[in-house]
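Student: next one to model:
(one chain, ligands or ions: 1)
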Amino acid sequence: MNMFRIRTPEPQDEAALVDLSLHFASESDWASTIPIGQIDTLEKAHQRLFGEQALSVVVAESAQGQLIGYVGIYRSEGNPYASILVHKEYRLRGLGRSLVEQAFEKLPPGLTVEAWVGAFNHLSLAATPRLGFHWDHSIEVDGRTLNVFVRHSD
Ligand SMILES: CC(C)(COP(=O)(O)OP(=O)(O)OC[C@H]1O[C@@H](n2cnc3c(N)ncnc32)[C@H](O)[C@@H]1OP(=O)(O)O)[C@@H](O)C(=O)NCCC(=O)NCCS
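Tutor: Predicted coordinates:
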């Protein structure tokens, strides 16, 4: 039985997403340098959950009602891109996969969705190829190597 529920975001998730992001930011010395670790205001959380660029956003809550995961897919100048975060204590239980699958189900077909993963982010480098994305190319941003993975919606 799943100990979590995947659902569309609700207004009270804004404060909870700030908490989730701040918790992630405290996990490692680099976590606060990537966007998922920088959702530190209610305004940023609002944009992530309900902003005009959002194509598909789903969240996960625990049996106790705590926000424990989030995936958002957003429009950008190029391809849309995905952001994903699962609370440290709830990883490796299929939650990331459930979130990604449900977020993709809500997308129109024919989109190429990118996931940008830093070479320093070993968790995501291991997980992203198992979440339906495949490595496409690498880029250098501010002296860091970012791996660009892609997944098509259908
Ligand atoms: C990446 C992340 C979302 C994965 O969430 P999760 O709930 O642990 O993922 P799942 O349990 O659904 O696992 C999905 C697949 O990835 C694999 N995987 C996940 N974490 C892994 C790890 N650390 N090492 C090896 N494989 C891993 C799982 O084994 C599974 O593959 P399988 O079913 O083929 O065996 C989570 O690690 C996380 O929140 N990381 C920090 C945030 C981040 O860096 N986001 C990316 C930048 S936006």
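Student: can we go C-alpha only for contacts and neighbour counts from here?
Tutor: OK.
Student: give me every residue in the chain lying close to the ligand.
Tutor: 36, 83-86, 91-97, 117, 123-124, 126-127, 130-131 (C-alpha under 6 Å from any ligand atom).
Student: could you redo the last one with a cut-off of 5 Å?
Tutor: Within the chain, the positions near the ligand by C-alpha under 5 Å from any ligand atom are 83-86, 91-97, 123-124, 126-127, 130.
Student: how about the secondary structure of the spatially most central residue of the chain?
Tutor: Nearest to the mean C-alpha position of the chain, by C-alpha atoms, centre = their mean, lies Ile84 at 1.3 Å. Of the three states, Ile84 takes strand under DSSP: H, G, I helix; E, B strand; the rest coil.
Student: contacting residues for it?
Tutor: Ile36, Gly69, Tyr70, Val71, Gly72, Gly96, Val100 (C-alpha atoms under 8 Å, 6 or more residues apart in numbering).
Student: now the helices for this structure?
Tutor: With DSSP state H as the criterion, the chain has helices at 13-25, 42-50, 95-105, 122-127.
Student: helices or strands up against the shortest one?
Tutor: Contact partners of helix 122-127 among helices and strands, from 3 or more C-alpha pairs under 8 Å, 6 or more residues apart in numbering; DSSP states H and E: strand 112-118.
Student: pLDDT on the strand it packs on, on average?
Tutor: Taken as a whole, strand 112-118 has a mean pLDDT of 97.
Student: for that strand, packing partners?
Tutor: Where contact means 3+ C-alpha pairs under 8 Å, 6+ apart, strand 112-118 is packed against strand 81-86, helix 122-127, strand 144-152.
Student: give me the neighbour count for Gly132.
Tutor: 14 (other C-alpha atoms under 10 Å).
Student: show me what contacts it?
Tutor: Contacts of Gly132 (C-alpha under 8 Å, 6+ apart): Arg151.
Student: His134 now?
Tutor: Thr128, Phe149, Val150, Arg151.
Student: go again with 7 Å.
Tutor: Phe149, Val150, Arg151 (C-alpha atoms under 7 Å, 6 or more residues apart in numbering).
Student: for Phe104, state which of the residues you listed is nearest.
Tutor: Closest approach to Phe104 among the contacts of His134 (C-alpha to C-alpha): Arg151, at 9.3 Å.
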